[in-house]
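Novice: Predicted coordinates and the sequence they were generated for:
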Amino acid sequence: MANNFPRLPPSGIKVLIVGAGFAGLSAAIECDRKGHTVTLFEKSDNIEELIRIGDIISFDPNGSKAFERWPGVVDQMEAVARQTTWLDLYHHQGKFVTRQSFAEEKIWGRRINAHRGQLHNIIYRHAVARGIDIRLGQRVQDYFESDSPAEAGVVLATGERITADVVIAAEGVRSRGRKIVLGFDENPKSSGYAVYRAWFPADRIKNNPVIKHIVENGDTHQGFIGPDIHFLASSIKNGTEVNWVFTHIDDGNIEESWQFPGKPEEALKYLDGWCDVVHELVKATPEGRLIDHKLVYRDPLPTFISPKARIALIGDAAHPFLPTSIQGASQSIEDGVALAACLELSGKENIPRALRAYEKLRYERVHKAQAMGPKTRNRWHKADWTQVWKTPEMIHLVREPWLLSFDAEKDAYERFWKVVEEGEKEKGSVKETSKL
């Protein structure tokens, strides 16, 4: 194990993590910081497959606080991040509506917006540098747990069973860990929407008179709002790269595929009547750089932990977010931070207590944040333009201190024993009721 990073003394707690996305890697790093021993399983054979995926991803101050505790990471992220502190919003036919500034949010921390693959690679390389045991090409088929012996584990596709003190399921919305938590298989549903997303070099548009302004003067960020669609576009890396993304009605079946190559001519069909800027951006997209991604919906889970409280869901496995919440990634980071701290505070002899505390710390906050996604989408997609022209701030993103100024590690340290006590009281009440 690498010894050149600050970490607490060994806790003796063995942690298995499934999934090397943002949630899984961040949980692994946080567990390593707390002195836990981590093994992480990722089904992809090559991490490059994950690094190439996607468009822009956003971490708000509440998520980026963790990155600042990982030596060197946040500076690397800032080097590839979009350097804007505002969002310009337009009517879908091209008229400017309002500029929303995020400059004052600096008091809460850093906003980091960049290509998800590049940020993922930075975190992955940090995890490797820490000496975390990351096993690629390992598909987890099932989860299990027991009281005697007190352990949890996973079954790999090879049939091998691997045990530890606790298992963290972080492999996304289709996590197999959800079955042991819920007690039954649950299929994802379409949210009714899908997203086209693209990322490509700015050379594709720098000579186009309609859209060259997007890349001429460094980084930019703009959104176009229309009936049942919002279209976001930005330039990044000092105007050398471009990305755009728009949400549209999903007319497919979630069982077919939830992500597949998109075609610009198909995307344009949704944008009839929209302004030339939007049309030219879509037309400029090179072949192979457009993805059509279904927004998967899951009903809110009654719990994030397994019956014996040795397996925990984090990130999208526990609570998938709509992009309009702008919080899915940050909440997944918070999950890992809180769970690692709960394991530290509870100790190896009481893993179930740690997981129950994690759930109590996270449940209400996560669902409150989740609810912001549909609210923002409806504010844009169902906008009353008679009122918007009078009060343009109506379509600003809601940016609230309770959400953005939050420090998950500080919260866990401050509230752990309080939520443990609350949990013990609730258990006592259930026992008394059952005697009646």
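Specialist: Thanks, I have it.

Novice: which other helices and strands contact the helix or strand hosting L403?
Specialist: L403 belongs to helix 401-404 when assigned by DSSP states H and E. The contact analysis (3 or more CB pairs under 8 Å, 6 or more residues apart in numbering; DSSP states H and E) places helix 401-404 against helix 61-67. Glycine gets a C-beta too; all of them are placed from N, C-alpha and C.

Novice: could I get the helix it packs on in CSV with only the CA atoms?
Specialist: Taking C-alpha atoms only, helix 61-67 is exported to CSV below (Å, rounded to 0.1, in the frame of the first residue of the first chain):
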residue,chain,number,x,y,z
PRO,A,61,-19.3,22.9,-3.7
ASN,A,62,-20.8,20.2,-1.5
GLY,A,63,-19.3,17.5,-3.7
SER,A,64,-16.0,19.1,-4.4
LYS,A,65,-15.1,19.5,-0.7
ALA,A,66,-14.0,15.9,-0.7
PHE,A,67,-11.7,16.5,-3.7
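
Novice: pretty sure F96 is in contact with D88, am I right?
Specialist: Yes - taking CB atoms under 8 Å as the definition, F96 is a contact partner of D88 at 6.9 Å.

Novice: What score does A371 have for pLDDT?
Specialist: Reported pLDDT at A371 in the predicted model: 85.

Novice: That one - how many residues pack around it?
Specialist: 12 (other CB atoms under 10 Å).

Novice: now swap in the one 3 residues further on and tell me
Specialist: As a burial measure, P374 scores 14 neighbours (other CB under 10 Å).

Novice: would it count as being in a strand?
Specialist: No - in this structure, P374 is helix, not part of a strand, as judged by DSSP: H, G, I helix; E, B strand; the rest coil.

Novice: sorry, back to before: sort out which residues of the helix holding L403 are buried, please.
Specialist: For helix 401-404, the neighbour count (16 or more other CB atoms under 10 Å) marks L403, L404 as buried.

Novice: what about it, distance to the chain center?
Specialist: In terms of CA atoms, centre = their mean, to the nearest Å, the gap separating the centre of helix 401-404 from the centre of its chain is 17 Å.

Novice: could I get that helix in PDB with only the CA atoms?
Specialist: Extracted C-alpha coordinates of helix 401-404, given in PDB (Å, rounded to 0.1, in the frame of the first residue of the first chain):
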ATOM      1  CA  PRO A 401     -27.300  27.200   0.900                       C
ATOM      2  CA  TRP A 402     -28.600  24.100   2.700                       C
ATOM      3  CA  LEU A 403     -27.600  22.100  -0.300                       C
ATOM      4  CA  LEU A 404     -24.400  23.700  -1.600                       C
END
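
Novice: what does it rub up against?
Specialist: D60, P61, N62, E105, W108, G109, Q327, A369, M372 (CB atoms under 8 Å, 6 or more residues apart in numbering).

Novice: rerun that using 6 Å as the cut-off
Specialist: D60, P61, N62, W108 (CB atoms under 6 Å, 6 or more residues apart in numbering).

Novice: Looking at F96 and D88, which has the bigger crowd around it?
Specialist: Remark: of F96 and D88, D88 carries more neighbours, 16 against 11, as counted by other CB under 10 Å.

Novice: quick one: low-confidence parts of the stretch 151-300 of the chain?
Specialist: Across the stretch 151-300 of the chain, the ranges flagged by pLDDT under 70 are 188, 251-258, 297-299.

Novice: Share the number of residues neighbouring L182, please.
Specialist: 14.

Novice: I meant S26, not that one.
Specialist: 29.

Novice: Contacts only, for it.
Specialist: Contact partners of S26, counting by CB under 6 Å, 6+ apart, are I333, G336.

Novice: how about 10 Å then?
Specialist: S26 sits next to 17, 63, 66-67, 70, 123, 126-127, 170, 314-315, 329, 332-337, 340 when contact means CB atoms under 10 Å, 6 or more residues apart in numbering.

Novice: For the helix ranked longest in the chain, buried residues please.
Specialist: Ranked by residue count under DSSP state H, the longest helix found in the chain is helix 408-435. Buried residues in helix 408-435, counted by 16+ other CB under 10 Å: A408, E409, D411, A412, F416, V419, V420.

Novice: Distance-wise, check G336 relative to I236.
Specialist: 26 Å (CB to CB, to the nearest Å).

Novice: How about K263?
Specialist: K263 is 24 Å from I236, by CB to CB.

Novice: cool, and W199?
Specialist: Distance, W199 to I236, by CB to CB: 9 Å.

Novice: the more surrounded of the two?
Specialist: Between W199 and I236, counted using other CB under 10 Å, the more crowded position is I236 (26 against 20).

Novice: Is the more buried one in contact with A81, as I believe?
Specialist: Yes - using CB atoms under 10 Å, I236 is in contact with A81, at 7.6 Å.

Novice: Mutual contacts of the two, please.
Specialist: I56, N113, A114, H115, Q118, D219.

Novice: The second one against Q83, yeah?
Specialist: Yes - counting by CB under 10 Å, N113 does reach Q83; the two are 9.3 Å apart.
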